[in-house]
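with the input below, show me the fold.
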Amino acid sequence: MKIVVFGASEIGCLIATEFFEDHDVTIIDKDENRTDALNKLDISYISGNGSNINTLNSANIDDADVFIACSNFDEANIVSCLTVSRLSRAKTVCFVSKPEYIESLKLMKNTQYEMIDYVVWPEELLTQEIFRIITVPEAVDVENFAGGKARLLEYRIKEDSSLLNKKIKDCHFVNDTLIVAITREENLFIPDGETEFKLNDKVIFMGYSTSLDILAREIFQSKSKVKTAAIIGGGSVGLMLAENLEKINIKTKIIEKDYKRCEDITEVLKNTLVLYGDGTNMELLEQEDIGDCDVVICVTNNDEKNLLCSLLTKQMGAKKIITRVSKPTNIGLFEKVGIDVAISPKEAAINEIRNNLIETDVEILATVERGQGRIIEAQIPADFKETAVMDLKLPEKAIIAIIQRNSGVLIPKGNTLLKANDSLLIFTREENSQKIIDFFRG
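You can find the predicted model right below:
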């Protein structure tokens with residue numbers, strides 16, 4: 001696949017790094033924006049402006065499959081995508097950072113003026129991901145499948161966990177739930193019955209949503225829903241998140257250091273306490289009992305400040321900390337020092353592009369643990385001979401986690417028969433996903 005990227009921004013560099021090994025990647029930007037990191041990649045670099053027709057022609061835009069505009073200027077991204085839509089059949093992806101452009105571009109949808117295929121606002125994707133995690137206490141990742149009938153939940157093994165130092169085969173789990181993966185010291189693997197749970201392991205379960213709710217109550221002690229939340233940072237993410245929390249009646253406080261911004265968000269939020277102050281101010285945090293909140297979300301646009309706020313509130317006793325990380329490379333560091341969930345808007349955006357545009361030959365429904373694990377969808381062909389799950393000889397290690405049959409959903413066991421036209425949701429490692437898809441294609 002040929003991918004043309006306008007913008008040697010941090011996002012552009014991440015996209016090139018992620019996809020250059022398997023795809024033909026070309027970056028368009030001014031020479032002065034070219035970085036050493038890009039020079040190390042096997043990619044083409046065109047000096048110029050992505051909105052310029054001659055520059056686009058130099059990048060052979062007419063042969064491109066995907067055009068991604070991710071410069072640091074929203075206006076340039078929009079214009080370049082509109083230009084490409086006239087020159088090429090390439091799918092266009094436009095990154096924006098300003099809410100007003102999101103609203104304007106949404107108005108263009110489903111009209112004769114619709115010429116941009118995908119609009120990506122990383123902050124919106126980040127907000128959605130944080131909201132999903134908040135609604136499931138103790139979980140560090142949440143994905144929904146089959147119209148919400150099935151789920152993926154990820155939990156961390158803590159010192160007081162009943163699973164600690166036990167083998168999987170010796171543990172009793174709720175029916176219709178499966179352990180599909182464990183991440184240990186940042187490396188994801190698919191376990192077997194002999195695998196022993198270790199401290200700080202992150203365990204990924206898949207199964208019926210109702211069964212996973214029971215699992216959460218029985219093993220991970222989430223017997224009550226989140227009732228109180230504190231948000232540090234009143235930017236786009238903080239405001240959108242507070243709006244969502246208001247809708248599900250979670251009592252929320254939001255701390256913002258810019259007085260004018262406090263006034264603006266007060267006009268939007270009806271049931272949220274807006275506090276003018278600095279989230280690193282210990283006296284303010286203690287005065288407002290931030291440590292008593294069920295969850296604290298640190299979403300300023302500064303990694304160092306988010307880390308400090310997170311550590312302060314954790315020391316004060318906050319039950320769960322979710323932290324925004326601008327640089328994806330910092331995620332592992334944040335988790336190592338005790339942050340429950342560290343999430344990057346840039347990584348969320350990369351996942352969105354990967355799942356919906358780039359790897360269309362692999363039916364990827366979701367990725368976890370920074371792309372190490374994938375949930376892929378495979379359709380069993382019409383001439384398939386019924387076979388039990390345990391007798392299926394897959395080419396690589398993978399777990400069939402969910403079967404969608406007609407309008408129903410099954411969580412398989414070893415003796416469950418796979419039938420023609422079943423749709424399977426399969427968990428596997430990233431490097432094995434294509435082989436699993438090819439296996440079911442025959």
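
measure the spatially most central residue of the chain to residue 166 for me?
Nearest residue to the geometric centre of the chain (CA atoms, centre = their mean): residue 348, 4.2 Å. When distance is defined by CB to CB, to the nearest Å, residue 348 is 33 Å away from residue 166. Yep, even glycine has a C-beta here, placed from its N, CA and C like the rest.

over to residue 423?
Separation of residue 423 from residue 166 (CB to CB): 34 Å.

repeat that for residue 380.
Distance from residue 380 to residue 166, counting by CB to CB: 35 Å.

more neighbours: which of those two?
residue 380 (19 against 14; other CB atoms under 10 Å).

my read is that that one contacts residue 424, right?
Yes: the pair residue 380 and residue 424 passes the contact test of CB atoms under 8 Å, sitting 6.7 Å apart.

shared neighbours, the two?
Residues touching both residue 380 and residue 424 (CB atoms under 8 Å, 6 or more residues apart in numbering) are 418, 440.

and the helix or strand where residue 80 lies, how far out from the chain middle?
Take DSSP states H and E as the rule and residue 80 turns out to sit in helix 74-87. Put simply, helix 74-87 sits 26 Å off its chain's centre (CA atoms, centre = their mean, to the nearest Å).

let's see that helix as PDB, backbone CA atoms only.
Extracted C-alpha coordinates of helix 74-87, given in PDB (Å, rounded to 0.1, in the frame of the first residue of the first chain):
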ATOM      1  CA  ASP A  74      -5.300  22.400  10.800                       C
ATOM      2  CA  GLU A  75      -6.000  24.800   7.900                       C
ATOM      3  CA  ALA A  76      -3.200  23.300   5.800                       C
ATOM      4  CA  ASN A  77      -4.400  19.800   6.600                       C
ATOM      5  CA  ILE A  78      -7.900  20.500   5.500                       C
ATOM      6  CA  VAL A  79      -6.800  22.300   2.200                       C
ATOM      7  CA  SER A  80      -4.400  19.500   1.400                       C
ATOM      8  CA  CYS A  81      -7.000  16.800   1.800                       C
ATOM      9  CA  LEU A  82      -9.500  18.700  -0.300                       C
ATOM     10  CA  THR A  83      -6.800  19.100  -3.000                       C
ATOM     11  CA  VAL A  84      -5.900  15.400  -2.900                       C
ATOM     12  CA  SER A  85      -9.600  14.500  -3.200                       C
ATOM     13  CA  ARG A  86      -9.600  16.200  -6.600                       C
ATOM     14  CA  LEU A  87      -6.300  14.700  -7.800                       C
END
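
ok, residues contacting it?
By CB under 8 Å, 6+ apart, helix 74-87 touches 4, 6-7, 49-51, 53, 56-57, 61-62, 64, 67, 69-71, 90, 92-98, 101, 105, 115-116.

tilt between the helix or strand of the chain with the lowest mean pLDDT and helix 74-87?
In the chain, the helix or strand scored least confidently by mean pLDDT, DSSP states H and E is helix 99-108, which has a mean of 70. On the basis of axes from the mean of the first three to the mean of the last three CA atoms, to 10 degrees, helix 99-108 is oriented at 30 degrees to helix 74-87.

ok now the helix or strand following helix 99-108, how far from the chain's centre?
Counting by DSSP H and E, the next helix or strand C-terminal to helix 99-108 is strand 118-120. On the basis of CA atoms, centre = their mean, strand 118-120 sits 15 Å off its chain's mean C-alpha point.

could you say what helices and strands strand 118-120 packs with?
For strand 118-120, the packing partners by 3 or more CB pairs under 8 Å, 6 or more residues apart in numbering; DSSP states H and E come out as strand 91-95, helix 99-108, helix 345-353.

quick check: buried residues in the next helix or strand after that strand?
Sequence order places helix 122-134 as the next helix or strand after strand 118-120, per DSSP H and E. With burial defined by 16 or more other CB atoms under 10 Å, the residues of helix 122-134 counted as buried are 122, 123, 124, 125, 126, 127, 129, 130, 131, 133, 134.

contact partners for the second one?
Put plainly, it is residue 123. Applying CB under 8 Å, 6+ apart to residue 123 gives the contacts 97, 235, 236, 237, 240, 345.

tell me the two of those residues that are most distant?
Farthest apart among these by CB to CB are 97 and 240. That separation is 13.5 Å.

so residue 205 makes contact with residue 177?
Yes: if you go by CB under 8 Å, residue 205 and residue 177 touch, sitting 5.4 Å apart.

the two: which is more packed in?
Ranked by neighbour count (other CB under 10 Å), residue 205 and residue 177 place residue 205 first, with 24 against 20.
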